[in-house]
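[1] test case, fold it:
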Amino acid sequence: MMNSKKMDIGSKDLISSLPDALLCHVLSFLPTTDAASTAVLAKRWRYLLAFVPNLDLDNSIYDRPKMGRRKRLEMRKSFKLFVDRILALQGTAPLKKFSLKCKIGSDPSRVNGWVLHVLERGVQELDLFIASEYEYPLPPKVLMTKTLVSLKVAGTDEFTIDVGEVSLPKLKTLHFNDVSFGDEGGPPFAKLISGCHALEELVMIKMMWDYWEYCSVSNPSLKRVTIDCQNIDENPKSVLFDTPNLAYLEFTDTVAAKYPKANFDSLVEASVGIRMTPDQVFDARDLVNRHRGYKRCKGGNAAGFFMGICNVKILYLSSEALEVLTFCCKKAIPVFNNLIHLTIETDQEVYWESLPHLLENSPNLETLVFEGLHYGDTIQCFDKDYCYNDTNECFSEQGDTCQCKPWYGTPVWLSSSPVKTLKVLKFGQITNYKDDMERQTDLIKHFLESMPNLEQVILYYDTPYDDDLKIVSTELQMVKKVASTKCKIQVISDNVSYSSTVHSSSSTSGLVFFKSTFPV
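    Numbering: from 1, shown residues only. The predicted structure follows:
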């Protein structure tokens, strides 16, 4: 017979026995509509929502085109009434977080009333996503709130921020996503940042410089910055960074004419996506294809920026940034003495002219990662039958020497490279007629033959066939002369890997086969 005492314990409503404060804390993690529905559970739950410190309100899940216009209007009206009731129920109780995601019509007064109400209640975290067919200006009082610790605003181009007076003394996190700034009172962004004396994290996504030909990101308290600017057709005149305590930078923008100051004294990790304008890219690539020469692009000079980040330890460069290093640096590539981990995104149209110089100036680099092994030919070779196996050279119809490697000769950085770990992501990915497995495998062989300190080569090969991994691994084992005899090679797919050690002669050890998933 089952113990009746145990049955009594199991039948109790343990959740309802929890203190009100703990129940409100649990409810604060739910969308407010779900939290409100708990009022029907029991009499005790009816008014708990009045004391929930976090409100998460979202009408987008009820506002879908397939509902029809009339139904959507009814749902918007219902949502507005729901928010009014929740705020009325809570009265003036302190509020930690207010998250609002909604679409509005031509009258923003209802939404503004909600925002101003929670500001008066001392809200600490304000997260707004406002989609409007008409201009929606952020209430100016938001930028004068003493209690805000986190401010996140997002929407469409119609969501505007007019920067007047700014006083956000406790703000640590500031996010902008697809919003625009007014141009009243000079450069608005610099003015806004200067009023955030405790700011630690800044995020700007889908932004346009618009009125900011001269942009300044200046704040000594900043530790993390993410900037993604959408303006691709023009070069900013000047972009200044004065962020001495910044530890992490993610920066995507069209290369500026100058970077008068790039203060990154504490920078540890950077992801750089600086790009040229489409016209600059066309002119630069056309020059290489026609004249086999390199000329600095007009209107952009990234030398000051790269000089500023040269103390970084972990660096990611987009293929566009690699091209900027080639064409838009009027000074030599700086020495990256602290760099230990470098990731390079590759593209079949981007030349590797700057890569040897970058790696030669990275004397302490330990890990090198390629996202793909694509590159633009210095002179395009269309017939591999003319390629000599011993020199890897071929000749065009005009008699010009054509290199099948992405650089001329054997750069110094290869023969003296300190790199211990070489990783290739998206190995085997074919992008155009120039790209094939033989070209990529030959490049890996060249690394093995030239880099003396390699301890590990990992190729992440996205293929459904186990035999593909075995073929590549076996071919690399057949390299006749390698620079590092202790180098181990792994060819990895999602669930299959081949691992082996290369030797200085054609005799090879047996391949070890095992199933595993390896982290990148």
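
[2] secondary structure class for E250?
    Three-state call for E250 (DSSP: H, G, I helix; E, B strand; the rest coil): strand.

[3] count of neighbours near it?
    16 (other C-beta atoms under 10 Å). (Glycine included, C-beta is placed from N, CA and C.)

[4] same thing with the one 10 residues further on?
    P260: 14 surrounding residues under other C-beta under 10 Å.

[5] same check on N453?
    So N453, with other C-beta under 10 Å, has 16 neighbours.

[6] so it makes contact with L422?
    No. Counting by C-beta atoms under 8 Å, N453 stays clear of L422, with 10.2 Å between them.

[7] what's the domain layout of the protein?
    Following the TED database, one finds the domains of the chain at 18-52, 59-199.

[8] how many other residues sit next to the nearest residue to E360 once chain neighbours are set aside?
    Once flanking residues are discounted, E360 sits nearest to W413: 4.0 Å by C-beta to C-beta, 6 or more residues apart in numbering. Neighbourhood size, W413 [other C-beta under 10 Å]: 22.

[9] what does stretch 222-236 rub up against?
    Under the criterion C-beta atoms under 8 Å, 6 or more residues apart in numbering, residues 199-210, 212-215, 217, 243, 245-257, 273, 275, 277-280, 299-300 lie in contact with stretch 222-236.

[10] what mean pLDDT does that stretch get?
    Mean pLDDT, stretch 222-236: 90.

[11] got the end-to-end distance for it?
    Terminal residues of stretch 222-236 are spaced 23 Å apart (C-alpha to C-alpha, to the nearest Å).

[12] list the buried residues in that stretch.
    Within stretch 222-236, the residues that count as buried by 16 or more other C-beta atoms under 10 Å are 222-227, 229, 235-236.

[13] next one: that stretch to chain centre, how far?
    Computed by C-alpha atoms, centre = their mean, to the nearest Å, the chain-centroid distance of stretch 222-236 equals 12 Å.

[14] again with stretch 421-439
    23 Å.

[15] pLDDT of it, averaged?
    Averaged across stretch 421-439, pLDDT comes to 83.

[16] then stretch 58-65?
    67.

[17] rewinding a little: the buried residues of stretch 222-236 in strands, which ones?
    Counting by DSSP state E, the buried residues of stretch 222-236 place 224-227, 229 in strands.

[18] with distance to M75 added, can I get the residues you listed in JSON lines?
    Below are these laid out as JSON lines (distance: C-beta to C-beta, whole Å):
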{"residue": "R224", "distance to M75": "38"}
{"residue": "V225", "distance to M75": "38"}
{"residue": "T226", "distance to M75": "34"}
{"residue": "I227", "distance to M75": "36"}
{"residue": "C229", "distance to M75": "35"}
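
[19] the helices in the protein, which residues?
    Along the chain, counting by DSSP state H, helices occupy 4-11, 20-27, 32-37, 69-90, 109-120, 188-194, 278-291, 303-308, 319-327, 355-360, 412-415, 437-450, 466-477.

[20] in TSV: these, plus distance to Y375.
    Formatted as TSV, those follow (distance: least, C-beta to C-beta, whole Å):
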stretch	distance to Y375
helix 4-11	66
helix 20-27	54
helix 32-37	52
helix 69-90	50
helix 109-120	51
helix 188-194	37
helix 278-291	12
helix 303-308	20
helix 319-327	9
helix 355-360	9
helix 412-415	15
helix 437-450	9
helix 466-477	19
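
[21] need the winner for burial among these.
    For these, the largest average neighbour count (mean count of other C-beta atoms under 10 Å) is found in helix 319-327, namely a mean of 24.

[22] list every C-alpha atom in it, with coordinates, as CSV.
    Below are the C-alpha coordinates for helix 319-327, written out as CSV (Å, rounded to 0.1, in the frame of the first residue of the first chain):
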residue,chain,number,x,y,z
SER,A,319,37.5,40.1,-46.6
GLU,A,320,36.6,43.7,-47.2
ALA,A,321,38.9,44.9,-44.4
LEU,A,322,41.7,42.8,-45.9
GLU,A,323,41.1,44.7,-49.2
VAL,A,324,41.2,48.0,-47.4
LEU,A,325,44.6,47.1,-45.9
THR,A,326,45.8,46.7,-49.5
PHE,A,327,44.4,49.8,-51.1
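
[23] so what does that helix touch, helix or strand wise?
    Judged by 3 or more C-beta pairs under 8 Å, 6 or more residues apart in numbering; DSSP states H and E, the packing partners of helix 319-327 are helix 278-291, strand 341-345, helix 355-360.

[24] which helices and strands does the second one pack with?
    It stands for strand 341-345. Here strand 341-345 is seen to pack against strand 314-317, helix 319-327, helix 355-360, strand 367-371 when contacts are counted using 3+ C-beta pairs under 8 Å, 6+ apart.

[25] identify whichever of those lies nearest to F305.
    helix 319-327 (9.1 Å; C-beta to C-beta).

[26] report the distance from that closest one to the chain centre.
    Distance of helix 319-327 from its chain centroid, counting by C-alpha atoms, centre = their mean, is 18 Å.

[27] let me know the angle separating it from strand 248-252.
    Orientation note: helix 319-327 sits at an angle of 80 degrees relative to strand 248-252 (axes from the mean of the first three to the mean of the last three C-alpha atoms, to 10 degrees).

[28] helix 319-327 vs strand 367-371, what angle?
    Helix 319-327 runs at 110 degrees relative to strand 367-371, counting by the same axes, to 10 degrees.

[29] give me the contact list for helix 319-327.
    So helix 319-327 is contacted by 255, 272-276, 280-281, 284, 294-297, 300, 302, 306, 317, 333, 344-347, 350-355, 357-358 (C-beta under 8 Å, 6+ apart).

[30] give me the angle between that helix and strand 341-345.
    Using the same axes, to 10 degrees, the inter-axis angle of helix 319-327 relative to strand 341-345 is 100 degrees.

[31] quick one: mean pLDDT for helix 319-327?
    93.

[32] tell me the pLDDT at F513?
    Looking at F513, the pLDDT reads 35.

[33] let's have the helices and strands packed on strand 341-345 in JSON lines, adding distance to K480.
    Shown next, in JSON lines, are these (distance: least, C-beta to C-beta, whole Å):
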{"stretch": "strand 314-317", "distance to K480": "33"}
{"stretch": "helix 319-327", "distance to K480": "31"}
{"stretch": "helix 355-360", "distance to K480": "24"}
{"stretch": "strand 367-371", "distance to K480": "23"}
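
[34] which one, of these, ends up nearest to L171?
    Across the helices and strands packed on strand 341-345, closest to L171 is strand 314-317 (C-beta to C-beta), at 27.5 Å.

[35] now tell me what touches that closest one from outside.
    Residues outside strand 314-317 that contact it (C-beta under 8 Å, 6+ apart): 268-272, 309, 325, 336, 339-345.

[36] nearest to K77, of these?
    Distances from K77 to the contacts of strand 314-317, taken by C-beta to C-beta, are shortest for S271, at 44.1 Å.

[37] measure W352 to L315 for me?
    16 Å (C-beta to C-beta, to the nearest Å).

[38] so between the two, which is more surrounded?
    L315 (25 against 21).

[39] measure the more buried one to A247 for me?
    14 Å.

[40] quickly list what's touching both of the two.
    What both L315 and A247 touch, as defined by C-beta under 8 Å, 6+ apart, is the set E269.

[41] would you agree D468 is in contact with G428?
    Yes. D468 lies in contact with G428 (C-beta under 8 Å); the separation is 7.4 Å.

[42] what do these two both touch?
    Y461.

[43] run through the stretch 151-300 of the chain and note the low-pLDDT ranges.
    Where the stretch 151-300 of the chain drops to pLDDT under 70, the residues are 183-187, 209-213, 287-296.

[44] so the residue nearest to E360 makes contact with P356?
    Yes. Contact criterion C-beta under 8 Å: W413 and P356 qualify, at 5.3 Å.

[45] neighbours of N59, just the number please.
    N59, neighbours per other C-beta under 10 Å, totals 20.

[46] what's near enough to touch it?
    75-76, 79, 101-103.
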